[in-house]
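*Asks:* Sequence and predicted model, in that order:
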Amino acid sequence: MKKLALLAVLIAAYLGLTYYAGVVGEGYIREQVRLSQDRSATSGVTLELIDYQRGFFASQFQLQVNLDPDQAAFEPLVLTSTTRMRHGPVILADGLHFGWFYARSENSLSSVDAQQQAALQELLPEGLGRMTLLGGYTGSYDYEWKTPDIDVSRDGNRLQVAGVEMSGSGHFDSLDSQHYFATGVLELTLSDGSEARLMPISGEAKVQFAGGDIPLSSIAMSTEQVEFRGASSAPVQVHQLQYAQAQTLMDGKVDTQVSFKVAQVDGLLSVSNIYYDINLAQTRLEAIRAWGELSAKLQLAEETASLEPELKQAIQLLLHEDARLDIAMGADMLDGYVKTDIRVDYAPPAQAVDMSSLPLADYLGLIEGTMEMRIADKVMTGTPLMFFLADYIDTYIVQEGSEYILRARLSGGELFVADTPVPLAMLFPYWFAEPESFQ
């Protein structure tokens, strides 16, 4: 009798936990949707949790993500996620799981435009695939998402994509998250015989929010090869593409590093060791916020003159003594190289000045910059560069040993190329124009 009573107590306790797991799961989902709604309100995307039905052992709901047509170059799209959630604490679904809940979502993309909807049906006949989500006991989550393969043909053209796999984790009370992704092979064949082939891309991304509303992202992705083959031209192969981005918060300011590298390009001209690096140091959070708000307004504004005060304020927030921009790019070819280095620093005014009263053109006097491009002699003489640049040699471009060098500097609001003044109005016409528009 005591064993039966103990068993009844255990069953009742488990049933209570199962019901409680459903309550916790609904709270987690609603909290994450609320955070996402707050974040997406300014990005032209709206989220809506529809028809949440919480049961004893399971729940179901639908989430719709709508793209605002006012900020899109196409008709509105709707991502619909239909989810069935099984309550914990122990779940037997797709294996054995421990957590407050385990959910499976079927995802689809649709459009109110008939032509666009027909194209989506042709491209994604099986929708966007299934996502699974495990809600952990500590408020964490882990998800996996795999999209179906794409194989669509029309008028002799064919597109094939061997699916995309994503996984990631985070916490329901935060938008901080980390993600891993891998695409299958992408192949495009055109009716004229041209072909493009992109080998699988793999990578990871991490997002952390600073100041509550500014996403700082770290991304690393790579692919082994991209190949292009024209109907009547030699093939081009690009080997070992790598992209990386890192953002870190230091002393209330953000350091951003971006790097793009290609090991080798084989075609009519072989090029190797291609690199493009950007280092933007110590950007204030207020500057990032101001530029985000200004960009959103510029997309909707019919005239932009009224936004000039906000542009000036955004520029002022960028300029301070620790701010710096470094750009380095280059490549090797023909046993030579081309290299360019750029540096831009803030140049504070000699005396205090009300910056909001300055015309936009005068803001260029608040930065100093240098640029140096080095071209190896073998590259200059072995490519059409010599033909295009011959008129500038010994004026803007000087030869030093086995290199041709172009130097430029920006100082005191004036641009000099090899010590020859160049009117800034040629490069920045809207800064020097009448204040009707600065777009």
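*Replies:* It's in. For clarity, every value in this text was computed on a predicted model and none was experimentally measured.
*Asks:* A helix includes residue 15, no?
*Replies:* Yes. When DSSP: H, G, I helix; E, B strand; the rest coil is applied, residue 15 is found to be in a helix.
*Asks:* contacting residues for it?
*Replies:* residue 56 (Cβ atoms under 8 Å, 6 or more residues apart in numbering). C-beta here means a position set from N, CA and C on the backbone, and glycine is covered the same way.
*Asks:* Same question for residue 158.
*Replies:* For residue 158, the contact set (Cβ under 8 Å, 6+ apart) comprises 151, 152, 187, 188, 189.
*Asks:* And for the last one, nearest residue in space, chain neighbours not counted?
*Replies:* Meaning residue 189. residue 158 (4.6 Å; Cβ to Cβ, 6 or more residues apart in numbering).
*Asks:* would you say the one you found is within a strand?
*Replies:* Yes. Counting by three-state DSSP, residue 158 falls inside a strand.
*Asks:* Please, where are all the helices along the stretch 151-300 of the chain?
*Replies:* Per DSSP state H, counting those that start in this stretch, the stretch 151-300 of the chain carries helices over the ranges 285-300.
*Asks:* Show me where it dips below the pLDDT cut-off.
*Replies:* Residue ranges of the stretch 151-300 of the chain with pLDDT under 70: 300.
*Asks:* any idea which of the contacts of residue 158 is closest to residue 364?
*Replies:* If you rank the contacts of residue 158 by distance to residue 364 using Cβ to Cβ, residue 188 comes first, at 43.6 Å.
*Asks:* Name the residues linked to that closest one by a beta bridge.
*Replies:* residue 159, residue 196 (DSSP bridges).
*Asks:* What residues does it make contact with?
*Replies:* 157, 158, 159, 160, 195, 196, 197.
*Asks:* buried residues in stretch 258-273?
*Replies:* Within stretch 258-273, the residues that count as buried by 16 or more other Cβ atoms under 10 Å are 258, 259, 262, 265, 271.
*Asks:* Dump the C-alpha coordinates for it into CSV.
*Replies:* This file holds the C-alpha atoms of stretch 258-273, laid out as CSV (Å, rounded to 0.1, in the frame of the first residue of the first chain):
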residue,chain,number,x,y,z
VAL,A,258,37.2,43.2,-40.5
SER,A,259,39.3,40.9,-42.6
PHE,A,260,38.8,39.4,-46.1
LYS,A,261,41.4,37.1,-47.6
VAL,A,262,41.7,35.0,-50.7
ALA,A,263,44.6,32.6,-51.1
GLN,A,264,44.6,32.3,-54.9
VAL,A,265,42.7,33.4,-58.0
ASP,A,266,43.4,31.4,-61.2
GLY,A,267,42.3,32.9,-64.5
LEU,A,268,43.8,34.9,-67.3
LEU,A,269,46.0,36.5,-64.6
SER,A,270,46.9,34.6,-61.5
VAL,A,271,46.7,36.6,-58.3
SER,A,272,47.5,35.3,-54.8
ASN,A,273,47.5,36.5,-51.2
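*Asks:* Run the chain-centre distance for it.
*Replies:* Distance of stretch 258-273 from its chain centroid, counting by Cα atoms, centre = their mean, to the nearest Å, is 22 Å.
*Asks:* Give me the contacts around it.
*Replies:* Taking Cβ under 8 Å, 6+ apart as the rule, stretch 258-273 contacts 234-245, 274-278, 330-334, 383.
*Asks:* circling back: now list the buried members of the contacts of residue 158.
*Replies:* Here, 16+ other Cβ under 10 Å leaves 187, 189 buried among the contacts of residue 158.
*Asks:* re the thing from before, if you look at the contacts of stretch 258-273, which of them are in strands?
*Replies:* Those of the contacts of stretch 258-273 mapping onto strands are 236-245, 274-278, 330-333, per DSSP state E.
*Asks:* hmm, which of those residues are the buried ones?
*Replies:* 236, 238-239, 241, 243-245, 274, 276-278, 330-333.
*Asks:* now, among those residues, which is nearest to residue 177?
*Replies:* residue 245 (15.8 Å).
*Asks:* Quick check: beta-bridge partners of the closest one?
*Replies:* With DSSP bridges as the rule, residue 245 is bridged to residue 219, residue 258.
*Asks:* residues contacting it?
*Replies:* By Cβ under 8 Å, 6+ apart, residue 245 lies in contact with 217, 218, 219, 220, 256, 257, 258, 259.
*Asks:* need the contact list for the fourth one.
*Replies:* So that's residue 220. Residue 220 touches 203, 204, 205, 242, 243, 244, 245, counting by Cβ under 8 Å, 6+ apart.
*Asks:* surely residue 315 meets residue 362?
*Replies:* No. Look at residue 315 against residue 362 with Cβ atoms under 8 Å: they stay out of range, at 10.9 Å.
*Asks:* and those two? which has more neighbours close in?
*Replies:* residue 315 (19 against 14; other Cβ atoms under 10 Å).
*Asks:* Is that one part of a helix or strand, or is it coil?
*Replies:* Three-state assignment for residue 315 (three-state DSSP): helix.
*Asks:* Quick check: pLDDT value at the residue lying closest to residue 90 once chain neighbours are set aside.
*Replies:* Nearest residue to residue 90 in three dimensions, chain neighbours excluded: residue 98, at 6.0 Å (Cβ to Cβ, 6+ apart). On pLDDT, residue 98 comes in at 93.
*Asks:* need the contact list for residue 98.
*Replies:* 88, 89, 90, 91, 137.
*Asks:* if we go to 7 Å?
*Replies:* 88, 89, 90 (Cβ atoms under 7 Å, 6 or more residues apart in numbering).
*Asks:* can you count the residues close to the second one?
*Replies:* When counting by other Cβ under 10 Å, one arrives at 15 neighbours for residue 89.
*Asks:* how close does it sit to residue 15?
*Replies:* 11 Å (Cβ to Cβ, to the nearest Å).
*Asks:* now swap in residue 93 and tell me
*Replies:* Here residue 93 is placed at a distance of 18 Å from residue 15 (Cβ to Cβ).
*Asks:* do residue 119 as well
*Replies:* Residue 119 is 49 Å from residue 15, by Cβ to Cβ.
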